[in-house]
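Visitor: Structure, please.
(chains A and B)
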There are 2 protein chains.
Amino acid sequence: MLQIWALEGIPEVVPHTNLFEVILDAAGSTLRDGDILVVTSKIVSKAEGRIVAADDREDAITAETVRVVATRTSPTGHTTRIVENKLGIVSAAAGVDASNTPDGTVLLLPVDPDESALALAARLRQRLRIRVGVIISDTLGRAWRDGQTDSAIGAAGVEVFEDMRGQTDAEGRPLVVTLPCVADELAAAADLVKGKASRLPVAVVRGRADLVGPLDLPGARAIVRDPERDMFWRGADEAYADGFAAGAASVESVAE
Amino acid sequence: MLQIWALEGIPEVVPHTNLFEVILDAAGSTLRDGDILVVTSKIVSKAEGRIVAADDREDAITAETVRVVATRTSPTGHTTRIVENKLGIVSAAAGVDASNTPDGTVLLLPVDPDESALALAARLRQRLRIRVGVIISDTLGRAWRDGQTDSAIGAAGVEVFEDMRGQTDAEGRPLVVTLPCVADELAAAADLVKGKASRLPVAVVRGRADLVGPLDLPGARAIVRDPERDMFWRGADEAYADGFAAGAASVESVAE
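Guide: The predicted structure is shown next:
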């Protein structure tokens, strides 16, 4: 049995809020060994002071961008930028977020969500003397499917993949390909109790203590696929345009 | 509080197994109004007899394919085909699956998972006189992130999107962009209790009765993004090659 609930009583988080103390106050006495905390990246960003003026939103997206993956302009003139950010994460607008932020401001993603998760997990373990895992989640769109799901952008003390390689299926044959991204599944599950409109930014998942392990387990950075191994490392229109230019140039160079 | 558990006692499913009776036997007396059943597509396929000889796997993938989105051949010579199937779902190998199948066979996806979900939900509601939702899940890879998560490929009597449009954030501003795909989040959450190696193909999610509604709610087909609205409707290498050929031809036609 898996149980998931949102923590009540998390106050408004502002720059320099001590997230550890806030979460400890809200959850401390109820947490048990093997519990996994799923923390919305938004409050981590706020606590870390990752807030910029909304007027600078487009500049902020550009500053957060390592590589533009695809862009598309809607009939109304709004341009969506799908970009790779400094963390390797591919998302719309580099995760720069205007909802649930103080008026006139936007939020950037935490600088290093794996480090933020590690700091939180380490302090909770030290204080409570139990093993807890921490996931930092963000709401991400995806290719081919409409809408968004919450995914893990930071993790500490919890497996991000459930490695089935070497295990066998019910027929006794090896499970070779399967690599369930349990960190993303935990983030998605937690979103079902957190909601976007309410101020419930932290959820507890109880019932998968087997996924909780040492603090030096790989973080969510391990989920990011290297663009060289990614068949969708660039938008179709952008790749077509690159190819068109190269094709035209190749003929011109032969003709010369 | 969300509670999720796998149903014990689901027997081996074979062609013509009555899934409704099997699930009713395993869950009937414990189900409550507002529960959501998440059923692994594999047992739906088996019950529907969607089994072909493993020797025909490559032909089966071709037959299930409406459009090849991208292909890549590994250094060892194994070719991965990312394709759009008849349901519009983009996935590796058109969902043709060789794990947990009888020896020498592979499974195709259900012909119409929304219809399969509807049949199950309608019969359960009729028999138990409670409103239950049904999701049919499959394990899908994704762009940009390694590993797989379970997603919804069929749904009945349950919202696939939680429509936040028109709602406001904690600051009172409208939530304009967000469209959480709760059906995919429910499928992902259920995978955390089902496991790939064990024979636990059905999970119950309790605690989001607000998502359960009439049987004529849109199915999981509504999650599929139209390729025309998809920036990743074609693999980057394929789009580049198309562009290259078009670019070369454009110059040649000018030169003639």
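Visitor: Next up, the contacts around whatever residue of the stretch 1-150 of chain A ends up closest to chain B.
Guide: Nearest residue of the stretch 1-150 of chain A to chain B, counting by C-beta to the nearest C-beta: residue A:147, 3.5 Å away. Where C-beta positions appear, they are placed from N, C-alpha and C, glycine not excepted. Counting by C-beta atoms under 8 Å, 6 or more residues apart in numbering or on different chains, residue A:147 makes contact with A:141, B:161, B:179-181, B:184, B:223.
Visitor: and the nearest residue to it once chain neighbours are set aside, what does it touch?
Guide: Nearest residue to residue A:147, sequence neighbours excluded (C-beta to C-beta, 6 or more residues apart in numbering or on different chains): residue B:181, at 3.5 Å. By C-beta under 8 Å, 6+ apart, the contact list for residue B:181 reads A:145-149, B:152, B:160-161, B:223.
Visitor: Could you rerun that using 10 Å?
Guide: A:141-142, A:145-149, A:188, A:191, B:151-152, B:159-162, B:187-188, B:220, B:222-223 (C-beta atoms under 10 Å, 6 or more residues apart in numbering or on different chains).
Visitor: out of those, which are inside helices?
Guide: A:188, A:191, B:187-188 (DSSP state H).
Visitor: mind putting the residues you listed in CSV, distance to residue B:84 and pLDDT included?
Guide: Shown next, in CSV, are these (distance: C-beta to C-beta, whole Å; pLDDT from 0 to 100):
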residue, distance to residue B:84, pLDDT
A:188, 23, 98
A:191, 27, 97
B:187, 20, 98
B:188, 22, 98
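Visitor: Mind picking the two most distant members of those?
Guide: For those, the farthest-apart pair by C-beta to C-beta is A:191 and B:187; their separation is 12.7 Å.
Visitor: Give me the common contacts of the two.
Guide: A:149, B:181.
Visitor: Comparing the two, which residue is more hemmed in?
Guide: residue B:187 (34 against 27; other C-beta atoms under 10 Å in any protein chain shown).
Visitor: Below-threshold pLDDT in the stretch 1-150 of chain A: ranges please.
Guide: For the stretch 1-150 of chain A, no stretch has pLDDT under 70.
Visitor: Which positions in it make contact with chain B?
Guide: A:1-6, A:12, A:69-72, A:74, A:80, A:82, A:84, A:88-93, A:97-103, A:139-150 (C-beta under 10 Å from any C-beta of the partner chain).
Visitor: Kindly write the PyMOL command that selects the buried subset of those.
Guide: Selecting only the buried entries of those in PyMOL, with 16 or more other C-beta atoms under 10 Å in any protein chain shown as the criterion:
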select buried, chain A and resi 2+3+4+5+6+69+70+82+84+88+89+90+91+92+93+97+98+99+100+101+139+140+141+142+143+144+145+146+147+148+149+150
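Visitor: Is the lengthiest helix in chain A positioned near chain B?
Guide: When chain A is parsed with DSSP H, its longest helix is helix A:236-255. Yes - remark: helix A:236-255 sits within contact range of chain B at A:236-252, A:254-255, by C-beta under 10 Å from any C-beta.
Visitor: For that helix, which helices and strands make contact with it?
Guide: Packing partners of helix A:236-255 (3 or more C-beta pairs under 10 Å, 6 or more residues apart in numbering or on different chains; DSSP states H and E): strand A:65-73, helix B:236-255.
Visitor: Off-centre distance for the last one?
Guide: Helix B:236-255 has its C-alpha centroid displaced from the chain centroid by 35 Å (C-alpha atoms, centre = their mean, to the nearest Å).
Visitor: Tabulate the helices and strands packed on helix A:236-255 (TSV), appending distance to residue A:205.
Guide: Listed next are these as TSV, based on distance: least, C-beta to C-beta, whole Å:
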stretch	distance to residue A:205
strand A:65-73	31
helix B:236-255	36
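Visitor: Between these, which one is closest to residue A:49.
Guide: strand A:65-73 (20.6 Å).
Visitor: Can you tell me what sits against that closest one?
Guide: A:61-62, A:78-94, A:96, A:143, A:227, A:230, A:232-239, B:143-144, B:229-232, B:236.
Visitor: what ranges do the helices span in chain A?
Guide: Going by DSSP H, chain A shows helices at A:19-27, A:41-47, A:57-64, A:113-128, A:182-194, A:236-255.
Visitor: And the average pLDDT for the longest one is what?
Guide: Meaning helix A:236-255. Averaged over helix A:236-255, pLDDT sits at 92.
Visitor: Just the buried residues of that helix, please?
Guide: A:236-244, A:247-248, A:251.
Visitor: same deal with the fourth one?
Guide: Applying a neighbour-count criterion of 16+ other C-beta under 10 Å, the buried positions in helix A:113-128 are A:113-114, A:116-121, A:123-125, A:128.
Visitor: residue nearest the centroid of chain A?
Guide: residue A:153 (2.6 Å; C-alpha atoms, centre = their mean).
Visitor: thinking that one is in contact with residue A:222, fair?
Guide: No - contact criterion C-beta atoms under 10 Å: residue A:153 and residue A:222 do not qualify, at 11.7 Å.
Visitor: list the residues that contact both of these two?
Guide: By C-beta under 10 Å, 6+ apart, the residues touching both residue A:153 and residue A:222 are A:114, A:183.
Visitor: Might one say that residue A:7 is in contact with residue A:194?
Guide: Yes - taking C-beta under 10 Å as the definition, residue A:7 is a contact partner of residue A:194 at 9.5 Å.
Visitor: shared neighbours of those two, anything?
Guide: With C-beta under 10 Å, 6+ apart as the test, residue A:7 and residue A:194 both reach A:39, A:200-203.
Visitor: Nearest to chain B, out of the residues you listed: which one, please.
Guide: For the shared contacts of residue A:7 and residue A:194, the nearest to chain B is residue A:203 (8.9 Å; C-beta to the nearest C-beta).
Visitor: what about that closest one, neighbour count?
Guide: Considering only other C-beta under 10 Å, residue A:203 is surrounded by 27 other residues.
Visitor: how close does the residue lying closest to it once chain neighbours are set aside get to residue B:108?
Guide: Leaving aside its sequence neighbours, residue A:203 sits nearest to residue A:190 (C-beta to C-beta, 6+ apart; 3.8 Å). From residue A:190 over to residue B:108 the distance is 33 Å, taken as C-beta to C-beta, to the nearest Å.
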